[in-house]
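1. Following is a predicted model, sequence given first.
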Amino acid sequence: MATPFLLVETPRGGPFGHRFIVPPETNLKSSEIEAYFHRSALGGGPDFIAVKHQVVQHLPNGATREGAETLLLAGLDSKNISGDQEKQLRQRLVELLPELEKLISKDINWTESGQPTLIIRKELDDWLRRYLAAPLGRQVQTRNNSSSLISLISPKDERSALLIGTITALAVGAISLFIWFF
């Protein structure tokens, strides 16, 4: 069973232009994320539902232009989604556009976090659980609720880093002693 997740493409990445907003623990490469939005521009796909709206992009030189912003629910299996569910999911995505507006225009500090192409935001997982779990007809397990190799390599707090460092040092010491004695 596929795990659904939200993705965003926006032309309003501050002075950096187009950016992708992804949930934490995203295992997709930038090219895979771009492929979702490319297929969306071509009309859709069997594994996602997308909604678009036009927004004003403010360029660094002070000029403005319109661009499409896309909110995309990916990781779906269209064989397991009824027509009514698809309609309800699409409606919920449309209802999330004001939340997306707030995230892009107020919550993200583009000067500080806008340089990378992929901007990681936990809000996408929150929206998935709050707004889309019911139409999906099941409890949504987001990626950041489970452990992964990435979260072990780059711990999120000081205590975890200390614990991982201590365990690693003990393991290296034990291996060194074993090699020295044998």
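-> Done, it's in.
2. ok, how many other residues are close to the spatially closest residue to residue 19 that is not a sequence neighbour?
-> Closest residue in space to residue 19, ignoring its immediate chain neighbours: residue 13 at 3.4 Å, by CB to CB, 6 or more residues apart in numbering. C-beta here means a position set from N, CA and C on the backbone, and glycine is covered the same way. Neighbour count for residue 13, taken as other CB atoms under 10 Å: 22.
3. dump the residue contacts of residue 13.
-> Residues near residue 13 by CB atoms under 8 Å, 6 or more residues apart in numbering: 19, 110, 114, 119.
4. By pLDDT, give me the weakest of those residues.
-> By pLDDT, residue 114 ranks lowest within the contacts of residue 13, coming in at 72.
5. Residue 7 versus that one, what's the distance?
-> 17 Å (CB to CB, to the nearest Å).
6. so where do the strands sit in this structure?
-> Along the chain, the stretches classed as strands by DSSP state E are 5-10, 19-22, 48-58, 64-74, 118-120.
7. Could you identify which of those is most buried?
-> Per residue and on average, the most neighbours among the strands of the chain fall to strand 5-10, with a mean of 24 (mean count of other CB atoms under 10 Å).
8. List the contacts of that one.
-> Residues outside strand 5-10 that contact it (CB under 8 Å, 6+ apart) are 18-23, 26, 33, 36-37, 55, 68-75, 100, 104, 124-125, 127-128, 132, 142-143.
9. do the same with stretch 34-44
-> By CB under 8 Å, 6+ apart, stretch 34-44 touches 7, 9, 20, 45, 48, 50, 52, 68, 70, 72, 74.
10. repeat that for 6 Å
-> 9, 45, 48, 50, 70, 72, 74 (CB atoms under 6 Å, 6 or more residues apart in numbering).
11. ok, how many other residues are close to residue 132?
-> 19.
12. That one and residue 85, how far apart?
-> Distance, residue 132 to residue 85, using CB to CB: 10 Å.
13. okay, now the domains of the chain?
-> Domain ranges of the chain: 5-146, 147-182, per automatic domain parsing.
14. Poorly predicted segments of the protein, please.
-> Filtered on pLDDT under 70, the chain yields the residue ranges 1-2, 138-169, 171-174, 176, 178, 182.
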